[in-house]
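**Student:** the sequence and its predicted three-dimensional model are supplied below.
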Amino acid sequence: MGKTFDAIDGRLRELIERQPLFFVATAPLTGDGHVNLSPKGRSGSLQVLDERTVAYLDFGGSGAETIAHLRENGRITVMWCAFDGPPAIVRVHGRGYPVFRDDPRWPDLVARFPDGDAPAIRAVIVVTADRISGTCGFAVPFMDYREERTLHAEYFERKSDEEFRAYCEAKPNVPTSLDGLPALPVPVPPRP
């Protein structure tokens, strides 16, 4: 049976912060546009900012559908599943927005992340909850977490910030989404 919560606190916050993986879903307003569902990971890339707000680091290396959809309409759902321990699924349905490198809020936001100085960060995605809900997760399988994959970090550590910025500009579906929406503004501003 589903349950709604007034805040991300206590055991709910602990559950969210303990998960090494979460999922983000967005969609454009058009009925024939592409729905986007992305797995997110990298230790230290998600923070609970307050009782109704979460934020995560958006890294380069893939398209920018989430950014495009948020710029168009702001709708987003973030979901966590407990793959170990007691079964649980938590969803934050809300409104989100990207904070880019040239935004005055950037320095304060990235400072809240242990991985805030990592290479290849394009934006910080901030999500304010309209609805916080949980379900049992009884059908979610047990899955053992082994370790972080380091390939992404290692690849981008070899690039200067200028090379990373050129990489973003050259990738299809980074400046513009699959549906032609504006996504990551290019050229990406230098890292402050």
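**Tutor:** Nice, I can see it.
**Student:** longest strand in this structure, please.
**Tutor:** Counting by DSSP state E, the longest strand found in the chain is strand 121-135.
**Student:** ok, V127 - contacts?
**Tutor:** Contacts for V127 (CB atoms under 8 Å, 6 or more residues apart in numbering) come out as 53-55, 76, 78, 92, 94-96. For the C-beta atoms, the positions are set from N, CA and C on the backbone; glycine is no exception.
**Student:** same question for L29.
**Tutor:** Listed by CB under 8 Å, 6+ apart, the contact partners of L29 are 72-73.
**Student:** look up how far M79 lies from it.
**Tutor:** 21 Å (CB to CB, to the nearest Å).
**Student:** the most centrally placed residue in the chain pairs with what?
**Tutor:** Nearest residue to the geometric centre of the chain (CA atoms, centre = their mean): Y56, 4.6 Å. Bridge pairing for Y56 (DSSP bridges) gives the partners L46, I125.
**Student:** that one against Q47, yeah?
**Tutor:** Yes - between Y56 and Q47 there is a contact under CB atoms under 8 Å: 7.5 Å.
**Student:** show me where this structure has helices.
**Tutor:** 10-18, 65-72, 106-110, 151-157, 161-170 (DSSP state H).
**Student:** winner for burial among the ones you listed?
**Tutor:** Greatest average neighbour count among the helices of the chain goes to helix 65-72 (a mean of 24), per mean count of other CB atoms under 10 Å.
**Student:** list the helices and strands that one packs on?
**Tutor:** strand 22-26, strand 36-40, strand 75-81, strand 89-100, strand 121-135 (3 or more CB pairs under 8 Å, 6 or more residues apart in numbering; DSSP states H and E).
**Student:** can you give the contact residues for stretch 39-48?
**Tutor:** Counting by CB under 8 Å, 6+ apart, 8, 13, 16-17, 20-24, 54-57, 59, 112-115, 118, 148-149, 152-153 sit against stretch 39-48.
**Student:** I'm done for today, thanks for sticking with me.
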